[in-house]
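Asks: okay, sequence plus prediction incoming.
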Amino acid sequence: MKIGMISFWHVHAKDYAEEARIHPDVEIAAIWDENEERGRKEAQIREVEYISDLEDLLNRKEIEGVVVSSPTNRHKEVMVQAAQAGKHIFTEKVLASTEEEAILILNAVKEAGVKLFVSLPRVYDGYTEAVQNLIESGELGELTQTRVRLAHNGAIADWLPNHFYNKEECQGGALIDLGCHPVYLTRLFLGMPERVTAQFGYLTKKDVEDQAIVTFGYRNGSYGIAETGFVTTHSPFTIEIHGTKGSAIYGIPDKKLIKKVSEKWEEVMIPTDKPSPFSQWVDHIQTDKGTDENLALALDLTVLMEAAYQAEKTKSEVVINPR
């Protein structure tokens, strides 16, 4: 399958290009980038054609799919255009910054009959499956609280690109980028909440938040906490799941899952990771499988992100309207 790379704006674009390079059934045929200098450089490195006009790339019949790693504020424009051109789409999270834009993308994809897959990688990691199995087994009882934290030092160690602090392009800061992972995992474990609150920090005085905490409230009285940031050097990725009968903890500090449902903590076996989102996208195209589960989670992520930013902006609780 020949694919086109649409932008190397996102830090993970090079990772997806490498996945494409090593995948036995995929070949990068061309590159387009809103930053022509960057695009030409990436095309030269990969010895593929650089196409200066996006419409030209999308009109190439030999190109079956595209990887979209463009600025978040261009997702709707680019993906609707790609779907209308009949191209399968793999994209970096978030799907869009608003529910309205996300639905426009999903409708365009459905109408065109193409496969869209959103990169939500931690959904498919073994520890997530192990946590879900614990929840579904009932061992922990009724869930009362979850906490998921993912943070790094990109803003203080200066390894994130400067455009990651561009509010217009990113539509936010640490939360809409790295914070996606704790948010979609919280949604996976607890479902969609009724209420959302948020608190942002601006430690480095940039135009966007460099750390954030979001809380999700549920009808039954349980709640979820999602934490993220660009200003923490040694913060481990952690998951806490607490219920009326027991608790489970991952990553504090080692990459182990432990549970306590009786007198002592026990280690829980973690299954093998599922294939990467990129590999799953290719497989869904080849086998004509639907991507409804991935897209439903991606849409919910967009809804929760929009609510969190609205909550912080208004300094108030935002109610999630059931769909």
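Replies: Right, received. Where do you want to start?

Asks: and this protein, what are its domains?
Replies: Listed by automatic domain parsing, the domain ranges of the chain are 2-114, 122-274+304-319.

Asks: out of these, which is closest to residue 288?
Replies: domain 2-114 (10.1 Å; Cβ to Cβ). C-beta coordinates here come from the backbone N, C-alpha and C atoms, glycine included.

Asks: how long is that closest one end to end?
Replies: Distance between the two ends of domain 2-114: 15 Å, counting by Cα to Cα, to the nearest Å.

Asks: so for that domain, mean pLDDT?
Replies: Domain 2-114 comes out with an average pLDDT of 98.

Asks: quick thing: my sequence starts at 572, can you match it?
Replies: Sure, I'll start numbering at 572, so the last one becomes domain 573-685.

Asks: tell me what the residue lying closest to residue 576 once chain neighbours are set aside is bridged to.
Replies: Computed as Cβ to Cβ, 6 or more residues apart in numbering, the closest residue to residue 576 that is not its neighbour in sequence is residue 602, at 4.6 Å. In this entry, residue 602 is beta-bridged to residue 576, residue 621, by DSSP bridges.

Asks: which parts of stretch 724-733 are buried?
Replies: Across stretch 724-733, burial judged by 16 or more other Cβ atoms under 10 Å covers 724-727, 731.

Asks: contacts for it, please.
Replies: 582, 735-736, 745, 774-775, 777, 781, 801-804 (Cβ atoms under 8 Å, 6 or more residues apart in numbering).

Asks: show the buried residues in those.
Replies: For the contacts of stretch 724-733, buried by 16+ other Cβ under 10 Å: 582, 735-736, 745, 777, 781, 801-803.

Asks: dump those into a markdown table; add secondary structure as well.
Replies: Below are the buried ones among the contacts of stretch 724-733 laid out as a markdown table (DSSP: H, G, I helix; E, B strand; the rest coil):
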| residue | secondary structure |
| --- | --- |
| 582 | coil |
| 735 | helix |
| 736 | helix |
| 745 | coil |
| 777 | coil |
| 781 | coil |
| 801 | coil |
| 802 | coil |
| 803 | coil |
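
Asks: and residue 595, how far from residue 853?
Replies: Remark: distance between residue 595 and residue 853 (Cβ to Cβ, to the nearest Å) = 10 Å.

Asks: more neighbours: which of these two?
Replies: residue 853 (25 against 6; other Cβ atoms under 10 Å).

Asks: residues contacting the more buried one?
Replies: Residue 853 neighbours (Cβ under 8 Å, 6+ apart): 572, 594, 596-597.

Asks: let's see 10 Å
Replies: 572, 574, 590-591, 594-597, 636, 659, 661, 686, 688, 846-847 (Cβ atoms under 10 Å, 6 or more residues apart in numbering).
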